[in-house]
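**Q** Structure for this input, please:
(one chain, ligands or ions: 2)
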Amino acid sequence: MPFQLSSALHTQPTPFYHYDLALLDRTLTALQQAAKPRNFQVHYALKANVNLPILERIKNQGLGADCVSGGEVQRALEAGFAPGHIVFAGVGKSDAEINLALAADIWCFNAESTAELAVLDALAGAQGRTARVALRVNPNVDAYTHPHITTGLAANKFGISLTDLPAVVAYLGSLPNLELVGLHAHIGSQITNLSVFAKLSERLNELQTALTDQGHHLPHLNVGGGLGVSYEHPDEQAIPDFEGYFSMFEKHLVRRPGQQVHVELGRAIVAQAGTLISRVLYVKQSQQTQFAILDAGMTELMRPALYGSYHHIQNLTSTGPEQLYDVVGPICESSDTFRKGVQLPQTQRGDLVAIRSVGAYGEVMSSGYNLREKAAAVYVGQ
Ligand SMILES: Cc1ncc(COP(=O)(O)O)c(C=O)c1O
Ligand SMILES: N[C@@H](CCCC[NH3+])C(=O)O
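**A** Ligands and ions are numbered 1, 2, ... in the order given. Okay, the predicted model is just below:
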């Protein structure tokens, strides 16, 4: 069923983010139904959405938290995630962020370089602690997604290259305040060609064999996130293909006895639960194009400007015969375009418009450019 806005929200000031918590719950149920029988531990990647009502629901379903900044670690704690369920990843952790996470006694740091290990060891020692570390490897596996969100190729800044890994493991072993607990990899986001996870599994199998041969025991393996969603069919495919995702790892990843496998999903958990509601300010006919100018822009949702990404757009008010519109925002940039050539019923000033599948990497990436106010968040289906 296409998105519907309750009549009570028709007078809510626009633009605003609309979150369907009932859909979030259904998504979490499907996720755990696929993960639990296969004994996968799921962490939620906070970078996708950090709103407390969403985090609390996710935590209540038993997920851990995958954080990429000190702010996210603090937010995860605020939402009630146990420190023992929090992972801190990131290619550039500051000393202050590391100190905060050490003091909170989070479960694990995903570290990416010898330089970072040296700092982590020194800071852990200064606090009289031992930091648990998973080494993030760069498996050089193409995720076949948008180049801006591919993270597991040799050319990307993330992870430790396959050839450097043995030396980094040896170096970690020489540091008194660090304990190696596992390996971590994350090859990219919005992945719809699930065969790349088979390739990733094979790379991890090879690495594990090499490390085991050298006498290293790895109780934990974190295979990252990345499962994509259907931006084209948000209603028909509201629940992502969790079964397909986990079964790829189940089939291809070799688990050592007693080893715990972790995933860290963001987008697949929250994307479809979020919708950006906006109002048409003006319809403007230029010589070449008919524009529908919204009161939301790239400041509320930057994905189309940043990646040219597709989001389904619906006019919630008008029902007349369809016409073509370039749907744009009010920001002083020509890239402030949600999409060109959108077929919408004849659209007028005041019409409400829904921009779909924005629960992940929508509100979190909003900005105050042009001194815009932050859009409100509204929750339904509680
Ligand atoms: C290290 C890491 N883990 C997890 C995620 C979450 O990815 P996704 O939202 O695609 O599941 C990301 C984002 O791509 C990431 O960079
Ligand atoms: N921000 C990206 C995803 C990047 C994920 C983080 N590594 C998006 O909107 O699709």
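
**Q** Might you report the residue contacts of the residue nearest the centre of the chain?
**A** Residue closest to the mean C-alpha point of the chain, counted by CA atoms, centre = their mean, is Gly266 at 3.3 Å. Going by CB atoms under 8 Å, 6 or more residues apart in numbering, Gly266 touches 44-49, 66, 189, 225, 360-361. C-beta: built from backbone N, CA, C; applies to glycine.

**Q** Make CSV from these and add neighbour count and pLDDT to it.
**A** Converted to CSV, the contacts of Gly266 look like this (neighbours: other CB atoms under 10 Å; pLDDT from 0 to 100):
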residue, neighbour count, pLDDT
Tyr44, 31, 98
Ala45, 27, 98
Leu46, 26, 98
Lys47, 22, 98
Ala48, 25, 98
Asn49, 28, 99
Asp66, 31, 98
Ser189, 26, 94
Gly225, 25, 97
Ala360, 26, 99
Tyr361, 24, 98
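
**Q** could you pick out which of the residues you listed are near ligand 1?
**A** 45, 48, 66, 189, 225, 360 (CB under 6 Å from any ligand atom).

**Q** who touches the helix ranked longest in the chain?
**A** Criterion DSSP state H: the longest helix present in the chain is helix 195-213. If you take CB under 8 Å, 6+ apart as the criterion, helix 195-213 is touched by 137, 139-144, 152, 162, 165-166, 169, 183, 185, 187, 191, 218, 221, 223-224, 226, 245, 248-249, 251-254, 256.

**Q** hmm, try it at 6 Å
**A** 139, 141, 143, 187, 248-249, 252-254 (CB atoms under 6 Å, 6 or more residues apart in numbering).

**Q** Are it and ligand 1 in contact anywhere?
**A** No. Helix 195-213 does not reach ligand 1 (CB under 6 Å from any ligand atom); its nearest approach is 11.9 Å.

**Q** Now, the ones next to ligand 1 among the contacts of Gly266 that are in strands?
**A** Counting by DSSP state E, the part of these found in strands is 45, 66.

**Q** Between the ones next to ligand 1 among the contacts of Gly266, which sits nearest Arg303?
**A** Ala360 (9.4 Å; CB to CB).

**Q** which ones are touching that closest one?
**A** So Ala360 contacts 48-49, 266-267, 270-271 (CB under 6 Å, 6+ apart).

**Q** These into a markdown table, with extra columns for distance to Gly128?
**A** A markdown table is the format used below for these (distance: CB to CB, whole Å):
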| residue | distance to Gly128 |
| --- | --- |
| Ala48 | 35 |
| Asn49 | 35 |
| Gly266 | 34 |
| Arg267 | 38 |
| Val270 | 38 |
| Ala271 | 42 |
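
**Q** from the residues you listed, which ones fall inside helices?
**A** Those of these lying in helices (DSSP H): 267, 270.

**Q** and the closest residue to Thr289 other than its chain neighbours, what does it touch?
**A** Using CB to CB, 6 or more residues apart in numbering and skipping the chain neighbours, the partner closest in space to Thr289 is Asp326 (5.2 Å). Asp326 makes contact with 289, 291, 340 under the criterion CB under 6 Å, 6+ apart.

**Q** Over to Leu294?
**A** Taking CB under 6 Å, 6+ apart as the criterion, Leu294 is in contact with 278, 329, 353.

**Q** ditto for Val364
**A** 49-50.

**Q** which SS state does it fall under?
**A** Three-state call for Val364 (DSSP: H, G, I helix; E, B strand; the rest coil): helix.

**Q** So which of the contacts of helix 195-213 wins on neighbours?
**A** Each of the contacts of helix 195-213 was scored by neighbours using other CB atoms under 10 Å; the highest score is Ile187's, at 29 neighbours.

**Q** is it true that it touches Gly152?
**A** Yes. The pair Ile187 and Gly152 passes the contact test of CB atoms under 6 Å, sitting 3.0 Å apart.

**Q** list residues touching both of those two?
**A** With CB under 6 Å, 6+ apart as the test, Ile187 and Gly152 both reach Val141.

**Q** What is the burial count for Pro293?
**A** Check again: residue 293 is Ile, not Pro. Residues lying near Ile293 (other CB under 10 Å) number 18.

**Q** which residue sits closest to it, ignoring its sequence neighbours?
**A** Sequence neighbours aside, Tyr282 is the residue nearest to Ile293 in space, at 4.6 Å (criterion: CB to CB, 6+ apart).

**Q** Confirm that the one you found sits in a strand.
**A** Yes. Counting by three-state DSSP, Tyr282 is part of a strand.

**Q** any idea how far ligand 2 is from it?
**A** Using CB to the nearest ligand atom, to the nearest Å, Tyr282 is found at 28 Å from ligand 2.

**Q** Kindly state the pLDDT recorded for that residue?
**A** Looking at Tyr282, its pLDDT reads 98.

**Q** Could you pull out the buried residues of stretch 361-377?
**A** The neighbour-count criterion (16 or more other CB atoms under 10 Å) identifies 361-366, 372, 375, 377 as the buried residues of stretch 361-377.

**Q** now stretch 328-339
**A** 328-331, 336-339.

**Q** What lies in contact with it?
**A** So stretch 328-339 is contacted by 291, 293-294, 296-299, 304-305, 327, 370 (CB under 6 Å, 6+ apart).

**Q** so Ala305 sits right up against Thr299, yeah?
**A** No. Contact criterion CB under 6 Å: Ala305 and Thr299 do not qualify, at 9.8 Å.
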